[in-house]
Each structure stands twice: as structure tokens, then as C-alpha cells.
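Engineer: Let's see this in three dimensions:
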Amino acid sequence: MAVKAKICGIRRGSDAEHAVRAGADFLGVVLDAGPRQATSDELRSVVDAAGSTPVMAVVVAMGVEDVLRLRDRTGFRGVQLHGGQDSADAKRYTDAGLIVWRTARLSADSDTGGIGKLAEHADAVLVEPSVPHVSGGAGIPLALDLAAGVRRQLGLLRMVLAGGLTPQTVARAATLVRPYAVDVSSGVERAPGVKDPDRVTRFLEALRDINSGE
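Structural biologist: So this is what the prediction gives:
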């Protein structure tokens with residue numbers, strides 16, 4: 001199965017348009033944390049520019065009701081949960097008709113035995129490095145042997161690989177791990193929230209090359 005791609009941390013409609021034209025399968029907008037946090041107007045512009053491509057709202061601390069009200073105003077189609085949300089929260093999003101990705105933040109000594117539980121009320125489990133005091137992967141790669149082990153453990157459950165991916169590294173990572181999708185943000189940027197069109201294109205071309213070789 002072809003590995004899909006999500007371009008995350010988008011704040012500008014023009015970046016969303018380019019990512020869609022270049023072949024992104026998902027776009028991501030950060031709602032409530034970090035230097036890529038988007039305003040509601042920016043979120044709406046990304047959703048409008050995305051067309052039929054699903055926009056995932058990255059949620060760290062916002063409450064479910066606030067997120068759903070924002071969905072009703074802007075039209076994003078999924079949530080990527082990075083905070084302390086539990087299965088009950090995930091179910092509320094699923095019941096509201098949203099795509100749901102839940103996140104596992106891993107370090108070299110992480111106990112991954114219970115990671116499959118994150119798939120409850122979720123369409124995919126996103127794995128990324130655990131970086132102290134940072135809600136995302138902070139541009140740091142996840143060890144591929146650890147990622148591949150989690151992928152085997154999840155079996156038929158969908159896994160999204162995130163953390164430190166670039167146009168130069170995505171092909172090897174996708175080949176070794178074989179996730180459902182890869183997620184990139186800082187690896188295709190000029191500055192936080194400002195994407196580099198050439199890097200976006202090269203990232204998606206590198207992924208397309210390995211997909212076409214299957």
C-alpha cells in the first residue's frame with residue numbers, strides 16, 4: 001500500500017494550495033501550541049485552499065467543545081490529538097464525524113507494550129519522538145528501528161510516522177518502517193509556519209518515487 005503524506009504546521013492558504021498541487025494527502029494546522037499556532041482566520045484560509053484534501057487540526061490543550069465549535073466555523077475534517085486526551089475524548093470526536101489520530105511520544109527506553117490501546121476510537125496512531133517541554137517532535141528524528149518495531153506491533157492498525165523527516169530522509173524512513181503515512185513540518189519550512197515550496201515538492205516526489213517502485 002502506498003505511503004501517504006501529511007504536510008503539517010500550515011498557516012497560509014498559498015502553502016496549502018501548493019502542498020495539494022504537489023500531492024499531499026493531508027494538511028495539518030496547529031490550533032493551540034507552539035510557533036506554528038494558527039489563528040481561526042488562517043485555519044479557514046487553509047481549509048478553503050485545501051479543497052477536498054482533509055485538513056487535520058492539531059490539538060494540544062483545547063477542550064472538545066471548543067474544538068467542535070471551531071470545526072463548525074471552519075470546516076476542518078480531522079483532529080490530531082497531542083495532549084492528555086483519553087479514549088472518551090477520542091470517541092466524542094469520532095462520533096462528531098471527524099478523522100481521529102492519537103499520538104504516542106516515544107524515547108529509546110519507552111515501554112511500547114500498551115501502544116495499541118491508543119487505536120481505540122482512532123483512525124491512526126501517530127508516533128513521534130518524546131522531547132521534553134515540547135508538544136511535537138521539534139524536528140528531531142525518531143529512531144527508525146524503534147519506529148519499525150512499533151509498526152510491527154500495531155499490525156493492521158494504521159501508523160503515522162513523524163519527527164525530523166526531510167526530503168533527504170523520507171524515502172529511507174518510509175521504506176524501512178512502511179507506515180500508513182508520514183508527517184512533516186519543520187523539514188519543509190523556511191521559518192515556523194512558512195513552507196518552502198521547493199522542499200515540499202521534493203519531499204512529496206521522494207515519497208512518490210518509493211511508492212511507484214512497489
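Engineer: Show me what the helix or strand bottoming out on mean pLDDT in the chain is packed against.
Structural biologist: Every helix and strand of the chain was ranked by mean pLDDT, DSSP states H and E. The lowest is helix 144-154, at a mean of 90. Counting contacts by 3 or more CB pairs under 8 Å, 6 or more residues apart in numbering; DSSP states H and E, helix 144-154 is packed against strand 99-106, strand 124-129, strand 159-162, helix 170-177. Just so you know, the C-beta spots here come from the backbone N, C-alpha and C atoms, and that holds for glycine as well.
Engineer: Can you pull out the residues in contact with the shortest one?
Structural biologist: Pointing back at strand 159-162 there. Contacts of strand 159-162 with the rest of the structure, by CB atoms under 8 Å, 6 or more residues apart in numbering, involve 6, 8, 101, 124-128, 136-137, 142, 147, 150-151, 173-174, 177, 179-184.
Engineer: Can you list the helices and strands that the longest helix that the chain contains packs against?
Structural biologist: Using DSSP state H to define each element, the chain has its longest helix at helix 197-212. Under the contact definition 3+ CB pairs under 8 Å, 6+ apart, helix 197-212 sits against strand 4-7, helix 13-22, helix 170-177.
Engineer: Now mean neighbour count too, for these, in a markdown table please.
Structural biologist: Listed next are those as a markdown table, based on neighbours: other CB atoms under 10 Å:
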| stretch | mean neighbour count |
| --- | --- |
| strand 4-7 | 25 |
| helix 13-22 | 20 |
| helix 170-177 | 19 |
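Engineer: Name all residues that make contact with the residue nearest to the spatial centre of the chain.
Structural biologist: When the chain is reduced to its mean C-alpha position, the closest residue under CA atoms, centre = their mean turns out to be D183, at 4.5 Å. Residues counted as contacts of D183 (CB under 8 Å, 6+ apart) are 5-6, 8, 28, 126, 128, 160-162, 165.
Engineer: Can I get the residues you listed in JSON lines including distance to D95 and pLDDT?
Structural biologist: Putting the contacts of D183 into JSON lines (distance: CB to CB, whole Å; pLDDT from 0 to 100) gives the following:
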{"residue": "A5", "distance to D95": "28", "pLDDT": "98"}
{"residue": "K6", "distance to D95": "23", "pLDDT": "98"}
{"residue": "C8", "distance to D95": "25", "pLDDT": "97"}
{"residue": "G28", "distance to D95": "22", "pLDDT": "98"}
{"residue": "L126", "distance to D95": "21", "pLDDT": "96"}
{"residue": "E128", "distance to D95": "26", "pLDDT": "92"}
{"residue": "V160", "distance to D95": "22", "pLDDT": "97"}
{"residue": "L161", "distance to D95": "27", "pLDDT": "97"}
{"residue": "A162", "distance to D95": "26", "pLDDT": "96"}
{"residue": "L165", "distance to D95": "32", "pLDDT": "97"}
